[in-house]
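Engineer: A structural model of the following input is requested.
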Amino acid sequence: MAHLTTTYGGKDERLDLADMRRRLKAIFIGSIGNLVEWYDFYAYAAFALYFAAAFFPNSDPVVQQLNAALLFAAGFLVRPLGGWLFGFLADHHGRRGALMLSVGLMCFGSLMIAVTPTYASIGIVAAILLAIARIVQGLSLGGEYGTSATYLTEMADHRHRGFYSSFQYVTLIGGQICALLVLLVLQKVFLTNEQIRAWGWRIPFLIGALLAVTALVMRRNLHETDAFEAAKNVARRTGSLRALLRHPREVALVVGLTAGGTAAFYTYTTYMQKFLKLSVGLTDDQTTMVTLATLVFGMCLQPIYGAISDHIGRKWLLIGFGVSGVLFTIPLLTTLHSVKGPWPAFLLIAAAWMIVTGYTSINAVVKAELFPTNVRALGVGLPYALTVSIFGGTVESVALWFKTVGHETWFYYYLTGMIAISLVVYVFMRDTKADSAMHRHE
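Structural biologist: Presented below is the predicted three-dimensional model:
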């Protein structure tokens, strides 16, 4: 059997090449499944401009988008329940089973949206069914984040943990890109805008359900992580809320470090499409192209920043995001609001991504490194889901509400304040690369 010998921390380690291939395969399959889940979830955001009128008849397009955004937020409000349920399953029964269940649930939610009748057919029941489907998807995604973050972190070797864990956001953003690509192909090749609004918006959700089935089959072959296998006979490994509450400082850190980052992330992803259309005044095609191009740019930044964190530590990247976010959020959004044309809009959002990636690329690994194996999936997933529900999933609703009352710029200050709160946490938290629970407990 071929081996590769390396040195780390003054100790020789023999890394079996077969084991390395096993890790890389597991990371790839885990990442692909994550991509499919996020595609399914964000197809809603990508196509909301087209189907909102079918479920929320109103002459004001801003009000229609606000109603659609409220249901988008509803999907986030149930994510804490998903984070708790799947975190318990992952810590108690294994990461693999929880990952399979989450993608199966996402398949059901996407298929439900694909076949739900419109308001014209069944009245208010249409919006209720759409809400139920979003709740199902929210439960799935609430469980997916903590479990996949834990799985990818545990499967990566400690020298490249930041790099490999960054692929959670590579695939997360990749899911959004795939949703936008489907929209672009439908716009440019197959359907007119009127046809997409009439019935074509159902196509991406049907595609998502089929992709979820594919991901489910692929995840059947996932290996369980060594960290879970090593800890499964330990009595403390319960994945319960009681066990999690033994780590109150770590739970508070997850909430604090997430708040500003998640608000910024959802500003420059899901809300940005509406901002470019309703505030900047770009056409449908320009909005799609700029959103797609900036997401590709942001996706490419993730592994670069993740690799940097493996060398300089996680803390400095987080502080860089916090300081830059506080200084430049208001100027960036103010300038973006007044630009004319897609190219200036792209450059400004790309600059914003260079700031936000300081958080997105490493937030998963930082959270995983805070907790021991017995509560890692729950510790990563539940407090994160709670924070995202409050500060991430509501970004669109808050921003659109400020716009409807005539004070759109107030949202810029709101976002800056959220980043400032997280910056305080970044300054005083430990660097998890140097002081990781994964080193101390495993």
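Engineer: Give me the distance between Gly98 and Val255.
Structural biologist: Just to correct that, residue 98 is Ala rather than Gly. From Ala98 over to Val255 the distance is 22 Å, taken as C-beta to C-beta, to the nearest Å. All C-beta spots, glycine's among them, are computed from the backbone N, C-alpha and C.
Engineer: out of the two, which sits in the more crowded spot?
Structural biologist: A direct count of neighbours by other C-beta atoms under 10 Å for Ala98 and Val255 places Ala98 higher, at 27 against 16.
Engineer: show me where the stretch 251-400 of the chain has helices.
Structural biologist: 270-275, 284-312, 315-338, 342-360, 363-370, 376-387, 395-404 (DSSP state H, counting those that start in this stretch).
Engineer: Quick check: which of the ones you listed is nearest to Ile421?
Structural biologist: Among the helices of the stretch 251-400 of the chain, helix 315-338 comes nearest to Ile421, with 9.2 Å by C-beta to C-beta.
Engineer: who does the closest one touch, helix- and strand-wise?
Structural biologist: Contacts defined by 3 or more C-beta pairs under 8 Å, 6 or more residues apart in numbering; DSSP states H and E place helix 315-338 against helix 248-267, helix 284-312, helix 342-360, helix 410-428.
Engineer: Mean neighbour count, the helices of the stretch 251-400 of the chain: which tops it?
Structural biologist: Stretch with highest mean neighbour count among the helices of the stretch 251-400 of the chain: helix 376-387 (a mean of 29; mean count of other C-beta atoms under 10 Å).
Engineer: and the angle for that helix with helix 410-428?
Structural biologist: Put simply, helix 376-387 runs at 150 degrees to helix 410-428, going by axes from the mean of the first three to the mean of the last three C-alpha atoms, to 10 degrees.
Engineer: I'd like the mean pLDDT over helix 376-387, please.
Structural biologist: In this model, helix 376-387 has an average pLDDT of 84.
Engineer: what helix or strand is the residue lying closest to Thr225 once chain neighbours are set aside on?
Structural biologist: Excluding the flanking residues, the one nearest Thr225 by C-beta to C-beta, 6 or more residues apart in numbering is Glu154, at 3.9 Å. Using DSSP states H and E, Glu154 falls within helix 124-155.
Engineer: mind showing which ranges of the stretch 51-200 of the chain have poor pLDDT?
Structural biologist: 58-73 (pLDDT under 70).
Engineer: What are the boundaries of the helices in the stretch 51-200 of the chain?
Structural biologist: In the stretch 51-200 of the chain, the helices defined using DSSP H, counting those that start in this stretch lie at 61-77, 79-93, 95-115, 119-122, 124-155, 161-165, 167-185, 193-198.
Engineer: mind checking which of those is nearest Ala53?
Structural biologist: helix 61-77 (5.7 Å).
Engineer: Next, format the helices of the stretch 51-200 of the chain as a markdown table and append distance to Val365.
Structural biologist: Shown next, in a markdown table, are these (distance: least, C-beta to C-beta, whole Å):
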| stretch | distance to Val365 |
| --- | --- |
| helix 61-77 | 22 |
| helix 79-93 | 17 |
| helix 95-115 | 15 |
| helix 119-122 | 44 |
| helix 124-155 | 5 |
| helix 161-165 | 4 |
| helix 167-185 | 9 |
| helix 193-198 | 39 |
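Engineer: most tightly surrounded among these?
Structural biologist: Burial of the helices of the stretch 51-200 of the chain is given as mean neighbour count (mean count of other C-beta under 10 Å); helix 161-165 ranks first at a mean of 27.
Engineer: neighbouring contacts of that one?
Structural biologist: Contacting residues not belonging to helix 161-165 are listed as 27, 149, 152-153, 155-156, 303, 306-310, 314, 361-362, 364-365, 368-369, 433, 438 [C-beta atoms under 8 Å, 6 or more residues apart in numbering].
Engineer: again, only this time at 7 Å
Structural biologist: 27, 152-153, 156, 303, 306-307, 309-310, 314, 362, 364-365 (C-beta atoms under 7 Å, 6 or more residues apart in numbering).
Engineer: and of these, the nearest to Glu37?
Structural biologist: When the contacts of helix 161-165 are ranked by distance to Glu37 (C-beta to C-beta), Leu152 comes first, at 13.4 Å.
Engineer: Isn't Gly313 up against Arg430?
Structural biologist: No - taking contacts as C-beta atoms under 7 Å, Gly313 lies outside contact range of Arg430: 9.9 Å.
Engineer: Comparing the two, which residue is more hemmed in?
Structural biologist: Set Gly313 next to Arg430 and count neighbours by other C-beta under 10 Å: Gly313 wins out with 18 against 15.
Engineer: Distance of the more buried one relative to Lys433?
Structural biologist: In this view, Gly313 and Lys433 are 5 Å apart by C-beta to C-beta.
Engineer: Common neighbours of these two, please.
Structural biologist: Common neighbours of Gly313 and Lys433 (criterion: C-beta under 7 Å, 6+ apart): none identified.
Engineer: So, low pLDDT: which residues of the stretch 201-350 of the chain?
Structural biologist: Within the stretch 201-350 of the chain, the stretches with pLDDT under 70 are 226, 229-240.
Engineer: Would you format the helices of the stretch 251-400 of the chain as JSON lines with distance to Gln168 included?
Structural biologist: Output for those, formatted as JSON lines (distance: least, C-beta to C-beta, whole Å):
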{"stretch": "helix 270-275", "distance to Gln168": "17"}
{"stretch": "helix 284-312", "distance to Gln168": "9"}
{"stretch": "helix 315-338", "distance to Gln168": "15"}
{"stretch": "helix 342-360", "distance to Gln168": "9"}
{"stretch": "helix 363-370", "distance to Gln168": "5"}
{"stretch": "helix 376-387", "distance to Gln168": "11"}
{"stretch": "helix 395-404", "distance to Gln168": "20"}
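Engineer: Quick one: closest of those helices to Phe108.
Structural biologist: Of all the helices of the stretch 251-400 of the chain, helix 376-387 comes closest under C-beta to C-beta, at 19.4 Å.
Engineer: could you give the angle of the closest one to helix 248-267?
Structural biologist: Using the same axes, to 10 degrees, the inter-axis angle of helix 376-387 relative to helix 248-267 is 50 degrees.
Engineer: next one: phi and psi at Arg430?
Structural biologist: With angles defined as degrees, to the nearest 10, Arg430 sits at phi -80, psi 160.
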